[in-house]
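Q: next input, structure requested:
(one chain, ligands or ions: 1)
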Amino acid sequence: MRKWNFCAGPAVINEEVLKEAQEELLNWKNVGASVMEVSHRSKEFDQVASEARQDFIDILKIPENYEVLFLQGGATFQFSMLPMNFAHNGKPVAHIVSGTWSEKAEAEGSKISSTEVVASSADHNFTYAPEVQELNAGNYAYLHYAANETIHGVAYHQPPVSTLPLVSDMSSVILSEPINIESFDFIYAGAQKNIGPAGLTIVIAKKEFLVNENDKLPNILRYTKHAENDSMLNTPPTFAWYLSGKVFKWIKGLGGLDYFKEQNHLKASTLYNYIDSTEFYSNPVNKSDRSIMNVPFIIHDSSLDSIFLEESKAAGLLNLKGHRSVGGMRASIYNAMPIEGINELIAFMKEFEAKHG
Ligand SMILES: Cc1ncc(COP(=O)(O)O)c(C=O)c1O
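A: Reported below is the predicted structural model:
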């Protein structure tokens, strides 16, 4: 039996999507083999690949002046591939640091080029989304930030206002609601939250921004080379691409991102409202900056943490342990987690409080 899975990533995938893949596993499209066993250059795979890409473009309403690339290496690889390409002209990269991931992006990026932290919420343990002051666009290569901090549960609900080219890590928030692509020069996301299985990393890049790419780099490190080759410069992660395509069809079938926006806001507000209503649990994040995807919470008596995790697991609620760097609990409530899962979690939390409070 499947249980309610609150893992931060790799994360829950809709059951219908998994069942469809299961049905097709041994004999895909009547080719007599699974999708994992055929050439990525075959006409069958090519159709799946381009349909997935087009569905992704449709769902996010990505304009034609953007490239959409299906890459590998995870979001972490983008921490260095980005500055290798766009910070080769001596200008520093401006970084907003609002949690562990944007902090890592800056630390990794600083091994490639100079960097400058232009706003940070480290002073308050990453419990808010810091505002960036006006910056002189001519002085920086671009501005990097994380739209959603998966570990700290902090989000920018609007992109930071800046005249610099804007680069956003959307790993844990992409496809959760519509976004205005034109506000960004470059977006990247590891797949293993709202997109599909780990192994795929999606990049959405403004063509005008890609013109600044470092053409001295090997092809595999150049976005334009991936674009010229339809993201098949080398063998792509075919199964992840195929399954992500099924997730995109599932999203489209339900009415696209407007539907998920409504669901995700309902799920998040239901859970936050409950947490705020009791003294037993709390969430430390500034209310207006709370994530709709990752909800960290603590039990005031932290000696109950391990009992909470044991009992929630026994109740069929998986992976509620907070990240080791912040402790406590965290419920990741991506697209494939329905409101029923949230209601079950809240029912369990109430019962736990009644028993141990
Ligand atoms: C916001 C964010 N950025 C970057 C990463 C790193 O992703 P990956 O493991 O795909 O390199 C993660 C992973 O959870 C993340 O949540």
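Q: phi, psi for whichever residue of the stretch 1-150 of the chain sits closest to the ligand please.
A: Residue nearest to the ligand within the stretch 1-150 of the chain: Gly74 (2.7 Å; CB to the nearest ligand atom). Every residue, glycine included, has its C-beta placed from N, CA and C. Backbone torsions for Gly74, taken as degrees, to the nearest 10, come to phi 70, psi 170.
Q: next one: the one 3 residues further on
A: Summarising the backbone geometry of Phe77 under the convention degrees, to the nearest 10, its torsions are phi -60, psi -30.
Q: so what's the residue of the stretch 201-350 of the chain found nearest the ligand closest to, chain neighbours aside?
A: Using CB to the nearest ligand atom, Thr201 is the residue of the stretch 201-350 of the chain that sits closest to the ligand, at 6.5 Å. Among residues not flanking Thr201 along the chain, Leu71 sits closest, at 4.7 Å (CB to CB, 6 or more residues apart in numbering).
Q: what distance do you get for that neighbour to Val247?
A: 17 Å (CB to CB, to the nearest Å).
Q: more crowded one of those two?
A: Comparing Leu71 with Val247 by other CB atoms under 10 Å, the one with more neighbours is Val247, at 24 against 20.
Q: does that one lie in a helix or a strand, and which?
A: helix 238-253 (DSSP states H and E).
Q: buried set for stretch 244-254?
A: For stretch 244-254, a neighbour-count test (16 or more other CB atoms under 10 Å) marks 244-251 as buried.
Q: contacts for it?
A: Outside stretch 244-254, the residues that touch it by CB atoms under 8 Å, 6 or more residues apart in numbering are 13-14, 16-17, 20-21, 48-49, 51-52, 55-56, 58-59, 175, 191, 194-197, 200, 257, 260, 335.
Q: any quick ChimeraX command for the buried ones out of those?
A: To isolate the buried members of the contacts of stretch 244-254 in ChimeraX, using 16+ other CB under 10 Å:
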select :13,14,17,21,48,49,52,55,56,59,175,191,194,195,196,197,200,257,260,335
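Q: now the angle between helix 238-253 and the lengthiest helix in the chain, please.
A: In terms of residue count, the longest helix belonging to the chain (DSSP state H) is helix 257-277. Angle, helix 257-277 to helix 238-253, by axes from the mean of the first three to the mean of the last three CA atoms, to 10 degrees: 90 degrees.
Q: helix 257-277 - contacts with which helices or strands?
A: strand 281-282, strand 294-299, helix 339-356 (3 or more CB pairs under 8 Å, 6 or more residues apart in numbering; DSSP states H and E).
Q: and the ones you listed, which is most packed in?
A: Highest mean neighbour count of these: strand 294-299, a mean of 24 (counted as mean count of other CB atoms under 10 Å).
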